[in-house]
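Trainee: here's a sequence, model it:
(2 chains)
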2 protein chains.
Amino acid sequence: MLYISLNQTGKAESVERLFHFVGGIAGPWTVTGTKSVIGESLRAVERLAIVGGGTDLPQGGDWVLRGVVSNERYVTHQEREALRATQAGLGREHSVLAALIPIRKSPAWWALAQDERRIIVEEQSRHIHMGMKYLPAIARRLHHCRDLGEPFDFLTWFEYAAADASAFEELVGLLRLTEEWKYVDREVDVRLIRA
Amino acid sequence: MLYISLNQTGKAESVERLFHFVGGIAGPWTVTGTKSVIGESLRAVERLAIVGGGTDLPQGGDWVLRGVVSNERYVTHQEREALRATQAGLGREHSVLAALIPIRKSPAWWALAQDERRIIVEEQSRHIHMGMKYLPAIARRLHHCRDLGEPFDFLTWFEYAAADASAFEELVGLLRLTEEWKYVDREVDVRLIRA
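Mentor: Numbers count the residues shown, from 1 in each chain, chains lettered A, B, ... in the order given. Alright, predicted model coming up:
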């Protein structure tokens, strides 16, 4: 069987958007806690490495989760402008704490139409506006994985300073009380500190 | 390197939503034409097979395109109810003609926020309502592939009877004149007949 190579323009671009979260014994992040919030947990590991799409994975991984940074699914133009005006990027020197929160949403969620999901995410749960209150302290990158054949639908990676640890607890606590979270049927919470 | 298996619930479900379009010398569909509408074409092949996610691919393929049936991105609840009331499934006995139309949208499209893309798709281009006028004659299945590292963003598969061939030409002709299509930067049109 031989498949000729297709135009690779799309492929190169999407490889840049793909990230592997490798739990094991390697990587700059030391795992300080792994707990199940809803459903089955992940095996507790010592360290975490975040590896780009075109790169070899480190040895000794216990698990690997893949996700793609994709286009916005709910954020409006106006909301995005507000987010961009205040949000900070990953990798800030003082952001020594991090959280990896993989979630899966229920079949009932995915059966909803776009307008129904938007109403739950924002008009009822205020997910976008709630997150804005914690900017720029909490930096965030969302990875999509439902269509990649992964066990989770989303991997969210957060970075923040030690001084903002209680603000981060408040944010995740509030999100878990929302209408949107009633559709989360698996959630793991992995906490980390930069070695 | 060893990765333990994760919970496979999500994986099994997404494998069912994954399809391979294999262009080569095998499959129930005979290719009657392959043309570029915008940008680079695909190599012309004799036959096409559509293969599910968990299945071996046929021998002798020249190219393979993968896509996942995913959640709705623009359709509202009301529109979906209207679609469901009239649309027909694939595989109807009299649907002996088919088209595979892979498209890629531009970086400018993907940089738009959700509300901006919805306005272009439906309020300006009437994509959803235009398609409805051709139901149930034209059956359609949309596959997403932008986040899979594929050369296209979408693969749309259409099936229709010989008597509806001119209606199908009208539909694709109208879609290509829309505001939405200004964001299409690659499009190939493959026509087929069931052997």
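
Trainee: all contacts plus neighbour counts: C-alpha atoms, from now on.
Mentor: Noted.

Trainee: leaving out the residues flanking it, which one is nearest to the residue nearest the centre of chain A?
Mentor: For chain A, A:Thr156 is the residue whose C-alpha lies nearest the centre (C-alpha atoms, centre = their mean; 1.2 Å). Excluding its sequence neighbours, the residue lying closest to A:Thr156 (C-alpha to C-alpha, 6 or more residues apart in numbering or on different chains) is A:Leu142, at 4.6 Å.

Trainee: who's in contact with A:Phe158?
Mentor: Residues in contact with A:Phe158, defined by C-alpha atoms under 8 Å, 6 or more residues apart in numbering or on different chains, are A:Ala98, A:Ala99, A:Leu100, A:Ile138, A:Ala139, A:Arg140, A:Arg141.

Trainee: same thing but at 10 Å, please
Mentor: Contact analysis of A:Phe158 by C-alpha atoms under 10 Å, 6 or more residues apart in numbering or on different chains lists A:90, A:95, A:97-101, A:138-142, A:168, A:191-192.

Trainee: ranking those by neighbours, who comes first?
Mentor: A:Ala98 (26 neighbours; other C-alpha atoms under 10 Å in any protein chain shown).

Trainee: dump the helix or strand where that one lies to CSV, keeping only the CA atoms.
Mentor: Using DSSP states H and E, A:Ala98 sits in strand A:97-105. Only the C-alpha atoms of strand A:97-105 are listed here, as CSV (Å, rounded to 0.1, in the frame of the first residue of the first chain):
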residue,chain,number,x,y,z
LEU,A,97,2.6,26.9,39.4
ALA,A,98,0.5,25.2,36.8
ALA,A,99,-2.5,23.0,36.5
LEU,A,100,-3.5,20.5,33.7
ILE,A,101,-7.2,19.9,33.8
PRO,A,102,-8.4,17.3,31.3
ILE,A,103,-12.2,17.1,30.9
ARG,A,104,-14.7,15.1,28.9
LYS,A,105,-18.2,16.3,28.3
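
Trainee: and after it, which helix or strand comes next?
Mentor: With DSSP H and E, the next secondary element past strand A:97-105 is helix A:107-110.

Trainee: hmm, that following helix in reach of chain B?
Mentor: Yes: judged by C-alpha under 10 Å from any C-alpha of the partner chain, helix A:107-110 and chain B are in contact via A:Pro107, A:Trp109, A:Trp110.

Trainee: before we move on, what about stretch A:171-185?
Mentor: No: Stretch A:171-185 stays clear of chain B (C-alpha under 10 Å from any C-alpha), getting no nearer than 11.1 Å.

Trainee: quick check: mean pLDDT of that stretch?
Mentor: The average pLDDT within stretch A:171-185 is 98.

Trainee: hmm, who's touching that stretch?
Mentor: A:37-40, A:101, A:103-110, A:117-122, A:124-127, A:130-131, A:133-134, A:138, A:152-153, A:165, A:167-168, A:187, A:189.

Trainee: between the two ends of that stretch, how far is it?
Mentor: From its first residue to its last, stretch A:171-185 covers 19 Å (C-alpha to C-alpha, to the nearest Å).

Trainee: if we can go back for a sec, between the residues of helix A:107-110 next to chain B, which has the most around it?
Mentor: Going by other C-alpha under 10 Å, A:Trp109 tops the residues of helix A:107-110 next to chain B with 18 neighbours.

Trainee: so what's it up against?
Mentor: Contacts of A:Trp109 by C-alpha under 10 Å, 6+ apart are A:Glu116, A:Arg117, A:Ile120, A:Glu180, A:Lys182, A:Tyr183, A:Val184, A:Asp185, B:Asn71.
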